[in-house]
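Engineer: based on what follows, work out the 3D shape:
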Amino acid sequence: MSRRYDPGQEREIVIALDAQTIPGPFWRMQYDEELVEEVCMVAMSLARRVIGDGIACGLSANAYSLGGRRRVHVAPSASAGQVAMIADELAALSRWASMPFGALLGQLTHRVRPATIILAVSAREPDEFLPTMRRLSASGHPVRLLALGPNASRAVTSARTLGLDATVARLSPDWRTADALELVG
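Structural biologist: As a prediction, this is how the structure comes out:
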(Lines give C-alpha, C1' and ligand atoms only; values in the text may rest on other atoms or scores of the structure.)
Protein backbone atom coordinates (compact mmCIF):
# COMPACT_ATOMS: atom_id res chain seq x y z
CA MET A 1 0.00 0.00 0.00
CA SER A 2 1.38 3.40 -0.88
CA ARG A 3 0.27 6.91 -0.20
CA ARG A 4 0.64 9.74 -2.67
CA TYR A 5 1.63 13.12 -1.24
CA ASP A 6 -0.96 15.77 -1.93
CA PRO A 7 0.23 19.26 -0.92
CA GLY A 8 -3.34 20.54 -1.08
CA GLN A 9 -4.15 18.44 1.96
CA GLU A 10 -1.53 20.30 4.00
CA ARG A 11 -3.21 23.68 3.65
CA GLU A 12 -5.14 25.07 6.56
CA ILE A 13 -7.23 28.20 6.82
CA VAL A 14 -8.51 29.97 9.91
CA ILE A 15 -11.27 32.51 9.53
CA ALA A 16 -10.66 35.22 12.15
CA LEU A 17 -13.93 37.05 12.76
CA ASP A 18 -13.94 40.57 14.19
CA ALA A 19 -17.11 40.77 16.30
CA GLN A 20 -16.65 44.48 16.94
CA THR A 21 -18.65 46.46 14.40
CA ILE A 22 -18.63 49.95 15.95
CA PRO A 23 -15.44 52.07 16.20
CA GLY A 24 -14.06 52.78 19.65
CA PRO A 25 -13.09 50.68 22.65
CA PHE A 26 -14.37 47.10 22.48
CA TRP A 27 -15.55 47.18 26.10
CA ARG A 28 -18.34 49.65 25.29
CA MET A 29 -20.34 46.62 24.11
CA GLN A 30 -22.01 48.51 21.27
CA TYR A 31 -22.74 46.85 17.96
CA ASP A 32 -24.44 47.27 14.61
CA GLU A 33 -26.91 44.39 14.30
CA GLU A 34 -26.84 44.37 10.50
CA LEU A 35 -23.03 44.26 10.34
CA VAL A 36 -22.83 41.51 12.99
CA GLU A 37 -25.15 39.34 10.91
CA GLU A 38 -23.25 40.13 7.73
CA VAL A 39 -19.85 39.29 9.25
CA CYS A 40 -21.20 35.96 10.55
CA MET A 41 -22.80 35.11 7.19
CA VAL A 42 -19.57 35.87 5.34
CA ALA A 43 -17.59 33.69 7.76
CA MET A 44 -20.06 30.83 7.33
CA SER A 45 -20.06 31.14 3.54
CA LEU A 46 -16.26 31.08 3.49
CA ALA A 47 -16.08 28.07 5.80
CA ARG A 48 -18.62 26.09 3.76
CA ARG A 49 -16.72 26.82 0.54
CA VAL A 50 -13.25 26.08 1.92
CA ILE A 51 -14.29 22.80 3.57
CA GLY A 52 -16.25 21.85 0.43
CA ASP A 53 -12.97 22.23 -1.47
CA GLY A 54 -11.36 19.72 0.91
CA ILE A 55 -9.24 22.29 2.78
CA ALA A 56 -9.03 22.22 6.58
CA CYS A 57 -10.81 25.27 7.97
CA GLY A 58 -11.18 26.70 11.46
CA LEU A 59 -12.75 29.71 13.12
CA SER A 60 -11.56 32.18 15.70
CA ALA A 61 -13.64 35.11 16.99
CA ASN A 62 -13.24 37.85 19.56
CA ALA A 63 -16.71 37.37 21.03
CA TYR A 64 -18.20 35.68 24.07
CA SER A 65 -19.71 32.28 23.47
CA LEU A 66 -22.08 30.03 25.35
CA GLY A 67 -20.51 28.96 28.59
CA GLY A 68 -18.87 32.36 29.03
CA ARG A 69 -15.77 31.66 26.96
CA ARG A 70 -14.02 34.92 26.10
CA ARG A 71 -13.21 33.88 22.56
CA VAL A 72 -14.20 31.20 20.13
CA HIS A 73 -11.66 28.91 18.54
CA VAL A 74 -12.45 25.93 16.36
CA ALA A 75 -9.28 24.17 15.21
CA PRO A 76 -8.91 23.67 11.45
CA SER A 77 -10.36 20.45 10.08
CA ALA A 78 -11.82 19.21 6.81
CA SER A 79 -14.00 16.58 8.49
CA ALA A 80 -17.64 16.07 7.57
CA GLY A 81 -18.90 17.67 10.78
CA GLN A 82 -16.72 20.79 10.63
CA VAL A 83 -19.27 22.95 8.79
CA ALA A 84 -21.90 22.15 11.44
CA MET A 85 -19.43 22.85 14.26
CA ILE A 86 -18.54 26.26 12.82
CA ALA A 87 -22.24 27.03 12.24
CA ASP A 88 -23.03 26.16 15.86
CA GLU A 89 -20.26 28.42 17.15
CA LEU A 90 -21.37 31.31 14.95
CA ALA A 91 -24.97 30.89 16.10
CA ALA A 92 -23.84 31.01 19.74
CA LEU A 93 -21.68 34.15 19.43
CA SER A 94 -22.58 37.17 21.49
CA ARG A 95 -23.24 40.42 19.67
CA TRP A 96 -20.33 42.29 21.23
CA ALA A 97 -16.58 41.92 21.20
CA SER A 98 -14.81 40.38 24.18
CA MET A 99 -11.29 41.63 23.36
CA PRO A 100 -9.51 43.74 20.77
CA PHE A 101 -9.33 42.04 17.38
CA GLY A 102 -5.57 42.65 17.25
CA ALA A 103 -5.17 40.64 20.47
CA LEU A 104 -7.12 37.73 19.00
CA LEU A 105 -5.00 37.81 15.83
CA GLY A 106 -1.80 37.91 17.90
CA GLN A 107 -2.87 34.83 19.87
CA LEU A 108 -3.39 32.81 16.70
CA THR A 109 0.34 32.21 16.34
CA HIS A 110 0.09 29.99 19.44
CA ARG A 111 -3.05 28.18 18.26
CA VAL A 112 -2.35 27.34 14.61
CA ARG A 113 0.44 25.65 12.70
CA PRO A 114 3.03 27.65 10.79
CA ALA A 115 1.92 28.65 7.28
CA THR A 116 -1.78 28.48 8.22
CA ILE A 117 -3.64 31.04 6.13
CA ILE A 118 -5.54 33.59 8.20
CA LEU A 119 -8.58 35.29 6.67
CA ALA A 120 -9.44 38.31 8.83
CA VAL A 121 -13.10 39.27 8.37
CA SER A 122 -13.96 42.73 9.69
CA ALA A 123 -16.49 45.51 9.18
CA ARG A 124 -14.34 48.21 10.82
CA GLU A 125 -11.45 50.43 9.90
CA PRO A 126 -8.40 48.17 10.33
CA ASP A 127 -5.89 50.71 11.67
CA GLU A 128 -5.93 49.14 15.14
CA PHE A 129 -5.09 45.61 13.98
CA LEU A 130 -3.05 46.14 10.79
CA PRO A 131 0.28 46.08 12.72
CA THR A 132 -0.64 42.65 14.09
CA MET A 133 -1.55 41.44 10.62
CA ARG A 134 1.87 42.60 9.38
CA ARG A 135 3.60 40.67 12.19
CA LEU A 136 1.60 37.55 11.33
CA SER A 137 2.60 37.90 7.69
CA ALA A 138 6.26 38.40 8.60
CA SER A 139 6.16 35.30 10.82
CA GLY A 140 5.07 33.08 7.91
CA HIS A 141 1.30 33.17 8.20
CA PRO A 142 -0.28 34.38 4.97
CA VAL A 143 -2.97 36.89 5.99
CA ARG A 144 -5.76 38.47 4.03
CA LEU A 145 -8.25 41.11 5.11
CA LEU A 146 -11.81 40.66 3.91
CA ALA A 147 -13.40 44.05 4.56
CA LEU A 148 -17.16 44.54 4.83
CA GLY A 149 -19.50 47.42 5.41
CA PRO A 150 -19.67 51.03 4.31
CA ASN A 151 -15.93 51.68 4.76
CA ALA A 152 -14.70 48.48 3.12
CA SER A 153 -12.93 50.17 0.21
CA ARG A 154 -11.05 52.50 2.54
CA ALA A 155 -10.06 49.53 4.76
CA VAL A 156 -8.70 47.65 1.74
CA THR A 157 -6.67 50.67 0.68
CA SER A 158 -5.19 51.01 4.19
CA ALA A 159 -4.19 47.35 4.26
CA ARG A 160 -2.69 47.39 0.79
CA THR A 161 -0.68 50.51 1.63
CA LEU A 162 1.10 48.38 4.24
CA GLY A 163 1.70 45.57 1.75
CA LEU A 164 -1.10 43.30 2.99
CA ASP A 165 -3.51 41.34 0.83
CA ALA A 166 -7.03 42.76 1.16
CA THR A 167 -10.35 42.42 -0.61
CA VAL A 168 -13.84 43.87 -0.29
CA ALA A 169 -16.34 41.17 0.60
CA ARG A 170 -20.08 41.59 0.24
CA LEU A 171 -23.15 39.45 0.25
CA SER A 172 -25.35 39.91 -2.77
CA PRO A 173 -27.95 41.35 -2.64
CA ASP A 174 -27.75 41.60 1.20
CA TRP A 175 -27.22 39.28 4.20
CA ARG A 176 -30.95 38.51 4.55
CA THR A 177 -31.44 37.28 0.97
CA ALA A 178 -27.88 36.54 -0.15
CA ASP A 179 -27.33 33.98 -2.82
CA ALA A 180 -23.67 34.83 -3.38
CA LEU A 181 -20.58 36.04 -1.55
CA GLU A 182 -18.66 38.43 -3.75
CA LEU A 183 -14.96 39.11 -3.25
CA VAL A 184 -14.23 42.28 -5.17
CA GLY A 185 -10.81 43.69 -6.04
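Engineer: tell me how far the ends of stretch 145-163 are from each other?
Structural biologist: One end of stretch 145-163 sits 11 Å from the other (Cα to Cα, to the nearest Å).
Engineer: so what touches it?
Structural biologist: 21, 35, 38-39, 42, 46, 119-127, 130, 133-134, 137, 164-170, 183, 185 (Cβ atoms under 8 Å, 6 or more residues apart in numbering). For the C-beta atoms, the positions are set from N, CA and C on the backbone; glycine is no exception.
Engineer: for stretch 79-95, same thing?
Structural biologist: 15, 17, 19, 31, 33, 36, 40, 43-44, 47-48, 51, 56-59, 61, 63-66, 72, 74.
Engineer: in strands, which of the contacts of stretch 145-163 fall?
Structural biologist: Judged by DSSP state E, the contacts of stretch 145-163 include 119-122, 165-170, 183 as members of strands.
Engineer: which pLDDT value belongs to Gln9?
Structural biologist: Here the pLDDT value assigned to Gln9 is 47.
Engineer: who touches the nearest residue to Ser137 once chain neighbours are set aside in this structure?
Structural biologist: Spatially, and ignoring its direct neighbours in sequence, Ser137 is nearest to Val143 (5.1 Å; Cβ to Cβ, 6 or more residues apart in numbering). With contact taken as Cβ under 8 Å, 6+ apart, Val143 is in contact with 117-120, 133, 136-137, 164-165.
Engineer: any weak-confidence spans in the chain?
Structural biologist: Scanning the chain for pLDDT under 70 picks out the ranges 1-10.
Engineer: what packs against the helix ranked longest in it?
Structural biologist: The residue-count maximum for a helix in the chain (DSSP state H) belongs to helix 33-52. Where contact means 3 or more Cβ pairs under 8 Å, 6 or more residues apart in numbering; DSSP states H and E, helix 33-52 is packed against strand 12-17, strand 56-61, helix 82-92, strand 117-122, strand 165-172, strand 180-184.
Engineer: and the angle from that helix to strand 165-172?
Structural biologist: Interaxial angle, helix 33-52 versus strand 165-172 (axes from the mean of the first three to the mean of the last three Cα atoms, to 10 degrees): 110 degrees.
Engineer: show residues contacting helix 33-52.
Structural biologist: With Cβ under 8 Å, 6+ apart, helix 33-52 has contacts from 13, 15, 17-19, 21, 57, 59, 61, 78, 82-83, 86-87, 90, 93, 95, 119, 121-123, 146, 148-149, 169, 171, 174-176, 178, 181.
Engineer: now do the phi/psi pair for the residue lying closest to Pro173 once chain neighbours are set aside.
Structural biologist: Nearest residue to Pro173 in three dimensions, chain neighbours excluded: Asp179, at 7.9 Å (Cβ to Cβ, 6+ apart). The phi/psi pair for Asp179 (degrees, to the nearest 10) reads phi -120, psi 0.
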